[in-house]
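Asker: Let me see the structure of the following:
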Amino acid sequence: MKPALAIKLSLIHVLSTCLTLTLVACKEQVVEVPEAQAPDVEAAAVTLEPSGTINGSLTGADTGEPLKETRIILCLFPDLETDDYVCTLQAMPTALTDANGAFVLDKVPLGSYALTYGFADELVSNPDEWGGVTVDTRVKHWDGWKMTELREGVFWQDGQSFLDGEIDFTIASDHQPHLGSGSVKSNYFGIWITAEDLELTPIVQVQAGETTDLNWQVSGR
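Answerer: Purely as a prediction, here's the structure:
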């Protein structure tokens with residue numbers, strides 16, 4: 001065999017050996033990758049409660065000026081069709097009016113609500129304190145401008161409330177005196193309620209995915 005030919009064969013042998021060793025090494029390092037599993041959509045799904053939105057503005061009926069920095073508080077009726085004189089104050093959601101008197105209550109659970117309010121210089125409670133408190137417009141006794149006793153008197157823990165402007169108590173169809181019209185405040189909470197024609201007002205019915213627009217005027221301001 002010629003020397004040059006022998007060198008070529010040796011190189012081919014070496015390359016072949018290296019290639020074989022490389023393939024063997026690769027085979028030894030092969031790691032099985034588990035098949036990707038599809039995400040569990042049902043397990044990851046988050047159940048969202050249906051809700052709606054209330055867009056509103058609050059102004060003084062006497063001045064027409066926007067009422068800024070006023071806390072808007074919802075009061076939920078358990079069943080508006082059968083019981084329109086008792087509602088429960090909600091801790092959340094709540095909103096504060098801006099410089100233009102505008103406010104937005106977002107992600108409001110479905111239901112019927114009366115809107116109540118507290119002015120910045122009068123509100124003396126927070127959501128943890130007023131949340132779950134009953135508002136009952138029925139009256140047991142009153143003496144002039146001062147209400148001395150109210151049924152379900154949780155809201156009226158001070159035992160008295162003062163009017164803003166003209167106020168009226170009316171004997172309703174259930175033969176009980178009710179707050180007929182006007183605005184009264186609980187001194188204990190610093191929260192105002194307003195009634196017209198024996199009903200708390202304004203009342204908003206929140207429906208799924210819908211936005212309610214409300215232009216609200218407060219008497220005596």
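Asker: where in this protein is pLDDT low?
Answerer: Within the chain, the set of residues satisfying pLDDT under 70 comprises 1-47, 139-169, 175-176.
Asker: got the residue ranges for the helices in it?
Answerer: With DSSP state H applied, the chain shows helices at 3-29, 41-44, 127-130, listed in chain order.
Asker: Distance of residue 180 relative to residue 170?
Answerer: 3 Å (C-beta to C-beta, to the nearest Å). Placement of C-beta: from N, CA and C, glycine included.
Asker: Looking at those two, which one has more neighbours?
Answerer: Taking other C-beta atoms under 10 Å, residue 180 and residue 170 do not tie; residue 180 has more neighbours (18 against 14).
Asker: pretty sure the more buried one is touching residue 194, no?
Answerer: No - using C-beta atoms under 8 Å, residue 180 is not in contact with residue 194; the gap is 11.4 Å.
Asker: okay, and the common contacts of those two?
Answerer: A shared contact of residue 180 and residue 194, defined by C-beta atoms under 8 Å, 6 or more residues apart in numbering, is any residue touching both; here there are none.
Asker: which one is residue 211 nearest to, not counting chain neighbours?
Answerer: Nearest non-adjacent residue to residue 211, counting by C-beta to C-beta, 6 or more residues apart in numbering: residue 53, 4.4 Å away.
Asker: Just give the number of residues close to that neighbour.
Answerer: Using other C-beta under 10 Å, residue 53 has 16 neighbouring residues.
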